[in-house]
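> sequence-free structure coming up:
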């Protein structure tokens with residue numbers, strides 16, 4: 001046997017010859033990575049690090065001096081009718097009852113009466129009892145239930161008044177109770193769903209288990225590696241969830257590509273060793289090209305400058321790298337060990353269908369014959385449909401969703417927030433000013449703080465009350481400013497701009513002894529995050545597109561294929577954006593996916609989707625185009641190579657796409673609108689990509705271009721040639737071995753004479 005050509009072929013050949021070493025090495029890698037990761041521990045993104053701009057500086061100032069904001073809680077006491085006011089005895093009795101009830105739980109501290117803090121609305125119908133939860137604020141949600149019960153009891157004793165609680169701990173508890181289990185169930189459901197689809201795809205239990213086994217071991221190994229890396233680039237739970245999704249998607253995809261090709265070659269009459277060698281040289285190479293393309297796309301997140309995105313980018317590119325390495329090393333070793341036993345646990349009916357179809361898709365062959373009969377019309381129709389679908393994205397409105405947009409009326413806590421915000425605009429989520437001074441008690445500093453409080457109200461940024469907490473030992477003061485506009489994002493940002501651009505320069509900035517006075521809070525976080533994200537869009541898009549283009553150019557030695565690859569992927573992403581905008585912003589067909597038209601797309605989603613989708617789309621594209629190029633290099637015409645490449649990959653691409661659509665759709669069933677948007681966006685994009693793009697547009701465009709598909713101008717000949725990793729061609733069956741029954745050449749393609757077999761060439 002000739003020495004294998006290319007990295008993938010050599011790795012697969014070595015693994016097949018040293019199978020126990022390869023399998024043992026992989027198991028050892030997973031165990032060591034988990035052990036080292038467990039010992040190192042994962043370091044997560046801190047509050048100050050996670051937010052950009054001034055809001056991040058506020059958190060960092062508090063973190064640096066060791067001031068940890070307690071979990072604050074607020075109880076609203078509000079008259080239901082117009083006759084009762086805060087000065088009435090019944091109202092005062094309710095306030096006293098709430099204070100006594102929450103203090104009696106032993107879980108709270110710093111309880112304040114609205115009559116002392118002047119937190120009574122202008123119409124005298126509403127008042128706020130405020131307090132902090134004892135202990136670690138991160139664990140406050142775990143012991144807030146007795147306080148909630150006490151407030152509920154007070155409501156029962158004063159039915160003529162509305163008594164509701166909202167705050168950091170109660171909000172987190174409501175979220176955890178409603179969606180914590182929801183998230184876990186979605187993640188746990190992904191594996192059985194993927195396994196069920198793989199059973200249908202392969203018709204055999206062992207073959208179906210291999211992709212899931214590879215994907216999960218890759219995820220486990222990466223979890224350990226991520227814990228180590230997190231000491232340099234901090235991680236998060238969100239990054240871990242995204243890593244699981246992407247790891248499952250690419251791990252299953254890569255294994256599908258490899259396993260399907262190996263089975264196809266054995267069905268064609270090749271011995272197990274030759275079939276494995278061909279699979280390593282063809283699908284193995286496609287996996288390497290695809291993996292590096294996905295890694296490049298994920299690396300784009302590192303350029304956002306946002307800690308959460310950097311964590312997601314690094315975690316996902318690591319899991320893709322590990323899955324890619326496992327696919328070209330341990331997978332061939334396992335296939336060599338299992339041999340025919342990979343067909344164990346065969347489902348009789350499905351197994352027979354798989355053997356008779358030989359991996360080719362009759363459905364896509366029928367579609368393809370019509371597409372290639374009139375390729376220009378196919379391009380016009382498919383391209384026109386995708387452009388029409390993408391049009392709504394032109395008016396996409398991105399925003400950080402408010403509580404009512406995110407959760408609707410599904411949580412009682414949302415109603416409490418809205419009632420408080422209506423009575424005390426900005427009260428539930430005030431702006432926060434961290435004043436750092438040489439001496440916080442110096443007269444000029446104190447005077448400047450008082451001027452700031454007065455000017456914030458005078459300039460219309462707040463209706464008050466503006467509260468200040470002094471931390472003498474740390475020489476720090478924290479000012480809380482309820483912003484006029486409340487939950488109305490546009491109006492609150494206008495108030496924030498008044499504070500930053502007018503009030504602060506006229507007061508705090510002029511005082512001697514003040515070192516820094518950044519302004520944060522939830523509105524500031526939203527604005528700073530969106531500003532930073534907006535500035536990152538262009539460099540991230542440019543990085544991903546340019547490097548993906550160069551990688552495709554070097555991998556296929558074709559300027560035409562590199563350009564069409566980028567254009568088709570951008571068209572796929574644009575269509576996904578259009579679907580998102582139509583459903584969640586305009587509400588068109590929102591009921592079909594159990595969604596609501598919330599009027600906006602969550603601000604982080606477009607960039608996140610672009611990076612994820614661009615990477616995952618390249619998975620399919622590289623696999624299909626690699627098969628087309630392989631057939632073309634074997635002597636077929638471009639049109640015949642397109643037919644052969646598409647119909648022989650349609651089954652695996654469809655199976656992989658169905659798995660991803662199903663997994664992403666699970667997240668589309670969550671009640672949180674942001675998670676629903678992510679799930680629907682990813683599922684729609686993958687569905688569009690695997691059908692209209694790969695099944696219609698790609699073959700039609702390549703058919704129209706003909707031999708121009710393989711064009712590389714002379715002035716680009718200097719580029720590194722990565723096509724050396726391709727096999728010289730797939731070896732023909734050994735002499736005297738007939739192809740398996742039912743195996744026919746692609747439509748319109750005559751079988752090649754024996755003397756022109758790939759092995760001979």
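Perfect, thanks for sending it. As the structure is a computational prediction, the values presented were derived from the model and not from experiment. Numbering: from 1, shown residues only.

> okay, now residue 613: neighbour count?
23 (other CB atoms under 10 Å). (C-beta placed from N, C-alpha, C; glycine too.)

> ok, it to residue 54 distance?
32 Å (CB to CB, to the nearest Å).

> what's the answer for residue 665, then?
When residue 665 is compared with residue 54 (using CB to CB), they lie 39 Å apart.

> more neighbours, those two?
Set side by side, residue 665 and residue 54 show unequal neighbour counts under other CB under 10 Å, the larger going to residue 54 at 22 against 19.

> residue contacts, the most centrally placed residue in the chain?
Residue closest to the mean C-alpha point of the chain, counted by CA atoms, centre = their mean, is residue 242 at 5.1 Å. Contacts of residue 242 were listed using CB atoms under 8 Å, 6 or more residues apart in numbering, and they are 312, 315-316, 612.

> one more pass at 6 Å, please.
Neighbouring residues of residue 242 by CB atoms under 6 Å, 6 or more residues apart in numbering: 312, 316.

> that one belongs to a helix?
Yes: assessed with DSSP: H, G, I helix; E, B strand; the rest coil, residue 242 lies in a helix.

> report pLDDT for it.
Looking at residue 242, its pLDDT reads 82.

> residue 675 versus that one, what's the distance?
Residue 242 sits at a distance of 12 Å from residue 675 (criterion: CB to CB).

> just the helices in the stretch 51-200 of the chain please.
53-64, 89-103, 114-117, 145-157, 168-175, 181-202 (DSSP state H, counting those that start in this stretch).

> ugh, wrong one, I meant the stretch 351-500 of the chain
Going by DSSP H, counting those that start in this stretch, the stretch 351-500 of the chain shows helices at 362-373, 375-390, 403-407, 412-423, 443-458, 489-498.

> what of the stretch 501-650 of the chain?
Using DSSP H, counting those that start in this stretch, the helices found in the stretch 501-650 of the chain span residues 504-506, 522-556, 559-580, 605-633, 638-668.

> I'd like those written out as TSV, with distance to residue 16 and mean pLDDT added.
TSV is the format used below for these (distance: least, CB to CB, whole Å; pLDDT from 0 to 100):
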stretch	distance to residue 16	mean pLDDT
helix 504-506	68	91
helix 522-556	24	86
helix 559-580	31	92
helix 605-633	20	85
helix 638-668	21	83
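
> and the residue in the chain sticking out farthest from the centre, what's its pLDDT?
Among the C-alpha atoms of the chain, the one farthest from their average position, using CA atoms, centre = their mean, is that of residue 89, at 53.7 Å. According to the predicted model, the pLDDT of residue 89 comes to 89.

> and for residue 201?
Turning to residue 201, the model gives it a pLDDT of 73.

> count of neighbours near residue 370?
The number of residues packed around residue 370, counting by other CB under 10 Å, is 11.

> which residue, other than its chain neighbours, is closest to it?
Of all residues beyond its chain neighbours, the one nearest residue 370 is residue 378 (7.8 Å), with distances taken as CB to CB, 6 or more residues apart in numbering.

> cool, residue 609 as well?
Take residue 609 and drop its neighbours on the chain: the residue closest to it by CB to CB, 6+ apart is residue 681, 5.3 Å away.
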